[in-house]
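In: curious how this folds, go ahead:
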Amino acid sequence: MAWRLVTVDQLPLGHRVLRYGCRGNDVRELQKLLLQGGFYFGEVDGYFGVLTEEAVILAEKTFKLRIDGIAGKQVISALRQLTGKSGRTIYTVKKYDSIETISQKFGVAPSAWESIAGQGNPRKKLFPGMKLMLSEKALFAWEDVPSTSPFFSATFHSWAEITSTGQLDCKEVVSEESYHGIGADGEVWEAILTKRSCQRRLIASLKTLPGIKYGLDLRNIPQEWRGLQSKFLRTVLKGLNKGQFDFLVITVVPDLKRLNNRIAFAELAEICSYGRWILAEPPICRDNQDIEAVLKAYWRLLPKLNQATMHRVFPMVVTNGWEWGGAEGRHVSFRECKILRALHYRSARYFPELFLTRVEWTQQGENRKLYYRDNQGWVDYFDYLKRHHFPGTVICRPTPLENTLSQLVPHAFAVMPGSRLKDL
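Out: Below you'll find the model as predicted:
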């Protein structure tokens, strides 16, 4: 067996910490990752100079890491995760280009383009060779999507219910373009989570599916049985000989007393590891006494979960509103929300940290509250998706909002085509 000496500058990326003054193949690989991520626009020459150091600092700011200009394991890992996924388009300005013609080419508004450090503001001045960055998001619909709408990458819909014996009760014909949700009601989940015989029948039923894209909808699992979710998911995946489900739908319940509860967060992150994509819904129900505190904690927790799951979380939002009065609550259509807002406009108040507007009034001597997302709420929500690097979002019953989406989405980001979802 022959031995070969490997010098420091020949080590693969990740075997040493890189800093200003370093040279070698690993520096060249780092520069390629920075270039693909839209942080570096110099020569890929294998020398860690000023431009490379500035690019590393920009990456550290983006990923909220320690800012020191040194490329250690955390920086390299974050860059690999980012460049291994879709979601960012880098465009080089050509001669005679204008922000309007470039935007028209990509189907977005000029406001959707983001400036890059050292490149200037693209909406004020362009020059040949300038780099522009465009965020791309997967915009999913849950049910009720207009067939002609160009704003959705794919559709999720409830396809099958699990019976108390573990069999699948399919509701409709399989659609190759859609993602199929498989769920159950609370009592059935209790049987499935606690009885091995039900789990074996469920595994057998899932094995017979004709190659469709499907995932489990876990939202109806009662609170007292959620501690069994991880064990159940491991058992089913082992029986199916799969590493992950195509997606999981979960309700994220934040710990209001201690938002950073490490044990609870670790359990949540483990559940998320069993799905390729995680569709996360806030815990809104008629029993919520302090809906504002719950939602505020939810929107604070979600970016942490997204970062912990390597940017695989898709927040679920709805177009309807929620009205509470005493012990009663009901869903309110988007159209009715706007009418109620107009009737009681004096009491309307917008909460930017919740992306919701609250309207209060008295009806037959009873105090009532309405929460819904108006146009400003949607603008702020889309900005939230970009700011925290979510891969996209799921909009439930989007038809009433089709005209609004056609106006707001192109101002925020480009919608990722369905053909590229495999890259997420």
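
In: how about the helices in the chain?
Out: Remark: helices of the chain, listed N- to C-terminal, are 25-36, 50-62, 73-83, 99-106, 186-194, 196-207, 229-240, 262-272, 291-308, 334-343, 375-387, 402-412; assignment by DSSP state H.

In: can you list these in JSON lines and add mean neighbour count?
Out: C-betas here are computed from N, CA, C, even on glycine. Listed next are those as JSON lines, based on neighbours: other Cβ atoms under 10 Å:
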{"stretch": "helix 25-36", "mean neighbour count": "20"}
{"stretch": "helix 50-62", "mean neighbour count": "20"}
{"stretch": "helix 73-83", "mean neighbour count": "17"}
{"stretch": "helix 99-106", "mean neighbour count": "14"}
{"stretch": "helix 186-194", "mean neighbour count": "17"}
{"stretch": "helix 196-207", "mean neighbour count": "16"}
{"stretch": "helix 229-240", "mean neighbour count": "16"}
{"stretch": "helix 262-272", "mean neighbour count": "15"}
{"stretch": "helix 291-308", "mean neighbour count": "18"}
{"stretch": "helix 334-343", "mean neighbour count": "15"}
{"stretch": "helix 375-387", "mean neighbour count": "17"}
{"stretch": "helix 402-412", "mean neighbour count": "16"}
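
In: nearest to residue 360, of those helices?
Out: For the helices of the chain, distance to residue 360 was read as Cβ to Cβ. The smallest value, 10.3 Å, belongs to helix 334-343.

In: who touches that closest one?
Out: Here helix 334-343 makes contact (Cβ atoms under 8 Å, 6 or more residues apart in numbering) with 319-321, 323, 332, 348, 357, 359, 361, 370, 372, 374, 400-401.

In: give me that answer again for 6 Å
Out: The set of residues that contact helix 334-343 without belonging to it, under Cβ atoms under 6 Å, 6 or more residues apart in numbering, is 319, 321, 348, 359, 370, 372, 400.

In: take the helices of the chain and lay them out in CSV including distance to residue 153 and mean pLDDT.
Out: Written out in CSV, the entries for the helices of the chain read as follows (distance: least, Cβ to Cβ, whole Å; pLDDT from 0 to 100):
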stretch, distance to residue 153, mean pLDDT
helix 25-36, 22, 88
helix 50-62, 24, 88
helix 73-83, 19, 81
helix 99-106, 15, 92
helix 186-194, 29, 92
helix 196-207, 25, 94
helix 229-240, 25, 95
helix 262-272, 21, 83
helix 291-308, 18, 89
helix 334-343, 22, 94
helix 375-387, 14, 94
helix 402-412, 12, 89
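
In: would you mind measuring from residue 11 to residue 43?
Out: Remark: distance between residue 11 and residue 43 (Cβ to Cβ, to the nearest Å) = 21 Å.

In: stretch 210-227: end-to-end distance?
Out: 31 Å (Cα to Cα, to the nearest Å).

In: tell me the mean pLDDT for that stretch?
Out: Per-residue pLDDT over stretch 210-227 has a mean of 90.

In: buried residues in it, which are they?
Out: If you call a residue buried by 16 or more other Cβ atoms under 10 Å, then stretch 210-227 has these buried ones: 213, 214, 215, 216, 217, 218, 219, 221, 226.

In: cool, and stretch 170-181?
Out: By neighbour count, and taking 16+ other Cβ under 10 Å as the criterion, the buried residues in stretch 170-181 are 178, 179, 180, 181.

In: before we move on, the earlier item: nearest to residue 194, of the buried residues of stretch 210-227?
Out: Among the buried residues of stretch 210-227, residue 221 lies closest to residue 194 (Cβ to Cβ), at 11.6 Å.
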